[in-house]
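Engineer: mind looking at a prediction? Sequence and model below.
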Amino acid sequence: MSPPQRERRPRETGDPERLYVLTGGPDGTERASLDLVTMVVARTEPTPTVQPEQAAILRLCRAPLSVAEISAYLSLPFSVVTALLTDLLATELVESRAPIVRAALPDRSLLEAVMHGLQKL
């Protein structure tokens, strides 16, 4: 599987007014608890009612991507991507989950012992 293609947009991310408009300003709503490694996947195709940046996120996330990858592909700051994803999560257009921590997986030797025990039955 090839990586998603980077969205081609003019580099205007240095404009704080544009970022303020993208995030809707400080409206006092709580943002979703997302970190850089949270995986996001789109549940549906973009609708005509979503912002262009949200539509770009939906197109990128046909396969699961981390928030950091989304931020890099769109050339937007993490805080802006978090605000956009919060809206998409609220409308259930995307799903998110924490990545699987390797330490949380069972030890390989334990799995082999269980497998050998089952084979002896």
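Structural biologist: That came in fine, so what should we check first?
Engineer: does the residue nearest the centre of the chain belong to a helix, a strand or coil?
Structural biologist: By C-alpha atoms, centre = their mean, the chain has its centre lying nearest to Val40, at 3.1 Å. Following DSSP: H, G, I helix; E, B strand; the rest coil, we place Val40 in the strand state.
Engineer: may I have the beta-bridge partners of it?
Structural biologist: Leu65, Ser96 (DSSP bridges).
Engineer: how close does Pro64 sit to Leu93?
Structural biologist: 15 Å (C-beta to C-beta, to the nearest Å). Backbone N, C-alpha and C define where each C-beta goes, glycine included.
Engineer: so which of these two has more stuff around it?
Structural biologist: Shown here are Pro64 and Leu93; by other C-beta atoms under 10 Å, Leu93 has more neighbours (21 against 14).
Engineer: low-confidence stretches in this protein?
Structural biologist: Within the chain, the stretches with pLDDT under 70 are 1-32, 101-104.
Engineer: which stretches of it form helices?
Structural biologist: For the chain, the helices defined by DSSP state H cover 16-23, 52-60, 67-74, 78-90, 108-120.
Engineer: let's have these in a markdown table, adding mean neighbour count.
Structural biologist: Listed next are the helices of the chain as a markdown table, based on neighbours: other C-beta atoms under 10 Å:
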| stretch | mean neighbour count |
| --- | --- |
| helix 16-23 | 14 |
| helix 52-60 | 19 |
| helix 67-74 | 19 |
| helix 78-90 | 19 |
| helix 108-120 | 9 |
